[in-house]
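Chemist: Need a 3D model of the following:
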Amino acid sequence: MKRREFMALIGGAPLVWPLAARAQQTAIPMIGYLSFGTFENSRDFVAAFHRGLADGGFGEGRNVGIEYRWSEDHNDRLPALAADLVRRDAAVIVAAATPASLAAKAATQTIPIVFYIGTDPVGIGLVASLAHPGGNITGVTNLNVELFRKCLELMHSLVPPAATIAVLVNPANIPQTTTERATVEDAARALGAHFTILSAGSPSEIESAFAALVSQPVRALVVSGEIFFLSQRNLLVELSARHAVPTIYAWREFPIAGGLMSYGSDVTEPYRLLGVYAGRILKGERPADLPVQQATKVELVINLKTAKTLGLNIPLPLLGRADLVIE
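Modeler: Coordinates of the predicted model:
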């Protein structure tokens with residue numbers, strides 16, 4: 001991460017660098033920011049997080065410090081990164097994505113944690129309930145897994161009934177992938193559809209998945225809403241275009257980048273809410289008293305230009321339902 005680039009991202013606010021020495025001098029609290037990805041792929045998310053902090057009156061380098069830890073898409077690094085933030089006595093740990101959230105929870109039962117995940121936090125054991133999280137953890141969840149079924153249905157409606165549809169999941173995110181596999185099985189029975197599941201947890205595995213996809217009689221692709229795939233959106237869109245595979249994704253960033261369509265929730269708003277909750281905790285509120293928030297805004301985005309390139313006819317009723325049509 002380049003200092004000049006990051007200062008531009010947050011509006012020129014001074015950085016705490018190195019944070020540990022600066023925090024000792026100014027006695028400002030420190031937030032530990034734990035993410036599976038990289039800074040380069042997370043600029044918009046970090047900016048949204050800063051907006052949420054600003055809503056509560058906090059600014060990095062002014063009255064709060066932030067230590068960033070990026071696993072660079074290697075989930076096996078997350079436990080050590082989380083443990084490092086605990087050793088540095090973070091006032092709050094913000095954990096982006098399911099693997100980071102689970103690593104943070106395993107690392108501490110005392111330091112407050114604010115998570116953002118795309119699956120049911122109760123089902124994977126992060127919290128006792130959405131209304132009363134309990135313990136030292138709360139956060140934000142979106143509707144990725146719940147909307148995954150709708151993505152399967154939408155793509156099934158666009159291809160011949162007997163066509164096989166591939167589904168791409170990330171095996172590194174075991175809780176979310178387990179739920180998604182069950183959803184695929186249920187949808188296959190209900191729709192009488194043919195789905196095949198492909199796995200990828202790295203850029204090279206994404207390329208291998210596409211090689212396997214084009215060697216089979218697959219007519220379309222549904223990409224999981226697992227956050228890793230968002231960081232690889234340019235690669236996924238490029239491969240889908242190269243192999244002429246109609247693909248639906250979970251976020252609008254994909255069709256904006258040239259993908260066919262997306263159906264899902266806004267990905268930046270949850271990061272703003274992370275900042276809001278982190279600020280409230282810094283002011284003295286307890287995670288156990290802050291209910292898990294759910295991002296409920298859902299949007300359908302269709303890139304009509306890409307559809308025409310693929311020779312795909314988007315039904316008028318579906319176009320009419322779209323929140324954004326890119327022409």
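Chemist: Shouldn't Gly65 be within a strand?
Modeler: Yes. Under DSSP: H, G, I helix; E, B strand; the rest coil, Gly65 falls within a strand.
Chemist: I figured it hits Tyr33, correct?
Modeler: No. Contact criterion CB atoms under 8 Å: Gly65 and Tyr33 do not qualify, at 10.6 Å. All C-beta spots, glycine's among them, are computed from the backbone N, C-alpha and C.
Chemist: what distance separates stretch 233-249 from the centre of its chain?
Modeler: In this view, stretch 233-249 has its centroid 19 Å away from the chain centroid, taken as CA atoms, centre = their mean, to the nearest Å.
Chemist: Same question for stretch 248-263.
Modeler: Distance, centroid of stretch 248-263 to centroid of chain: 14 Å (CA atoms, centre = their mean).
Chemist: do the same with stretch 141-159
Modeler: Mean C-alpha position of stretch 141-159 versus that of the full chain (CA atoms, centre = their mean) differs by 16 Å.
Chemist: Is Gly123 within a helix or a strand, and which one?
Modeler: For Gly123, there is no host helix or strand (DSSP states H and E).
Chemist: For the stretch 201-327 of the chain, give me the ranges with low pLDDT.
Modeler: By pLDDT under 70, the stretch 201-327 of the chain has no low-scoring segment.
Chemist: Could you double-check that Ile31 sits in contact with Ala278?
Modeler: Yes. Ile31 lies in contact with Ala278 (CB under 8 Å); the separation is 5.7 Å.
Chemist: overlap in contacts of the two?
Modeler: With contacts taken as CB atoms under 8 Å, 6 or more residues apart in numbering, Ile31 and Ala278 have 92, 94 as neighbours in common.
Chemist: Quick one: the strands in the stretch 51-200 of the chain, in order.
Modeler: With strands called from DSSP state E, counting those that start in this stretch, the stretch 51-200 of the chain shows them at 65-70, 92-96, 113-117, 137-141, 164-169, 194-199.
Chemist: The second one pairs with which strands?
Modeler: Okay, so that is strand 92-96. Paired strands of strand 92-96, with direction, are strand 30-35 (parallel), strand 113-117 (parallel) (DSSP bridges).
Chemist: With the fifth one instead?
Modeler: Based on DSSP bridges, the pairing partners of strand 164-169 within the sheet are strand 194-199 (parallel), strand 218-223 (parallel).
Chemist: so what's Glu327 up against?
Modeler: Applying CB under 8 Å, 6+ apart, we find Glu327 in contact with 304-305.
Chemist: what about the strands paired with strand 164-169, which gets the closest to Tyr116?
Modeler: Checking these against Tyr116 by CB to CB gives strand 218-223 as the closest, at 19.1 Å.
Chemist: what does the next helix-or-strand element following the closest one rub up against?
Modeler: The helix or strand immediately downstream of strand 218-223 is helix 227-231, counting by DSSP H and E. Here helix 227-231 makes contact (CB under 8 Å, 6+ apart) with 36-38, 41-42, 73, 96-98, 118, 168, 170, 172-173, 201, 223, 236, 249-251, 253, 267.
Chemist: ok, now stretch 118-133?
Modeler: For stretch 118-133, contacts defined as CB under 8 Å, 6+ apart pick out 97-98, 101-102, 105, 115, 117, 134-135, 137-139, 141-142, 144-145, 175-176, 179, 225-227, 250, 287-288, 290-292, 294.
Chemist: Over to stretch 277-292?
Modeler: By CB under 8 Å, 6+ apart, stretch 277-292 touches 29, 31, 49, 52-53, 55-58, 64, 91-92, 94, 112-114, 121, 127, 130-141, 293.
Chemist: neighbours around Phe228, how many?
Modeler: 22 (other CB atoms under 10 Å).
Chemist: can you tell me how far it sits from Ser262?
Modeler: Using CB to CB, to the nearest Å, Phe228 is found at 16 Å from Ser262.
Chemist: ditto for Gly61
Modeler: 35 Å.
Chemist: Tell me, how many residues neighbour His194?
Modeler: Using other CB under 10 Å, His194 has 16 other residues around it.
Chemist: All set, thanks.
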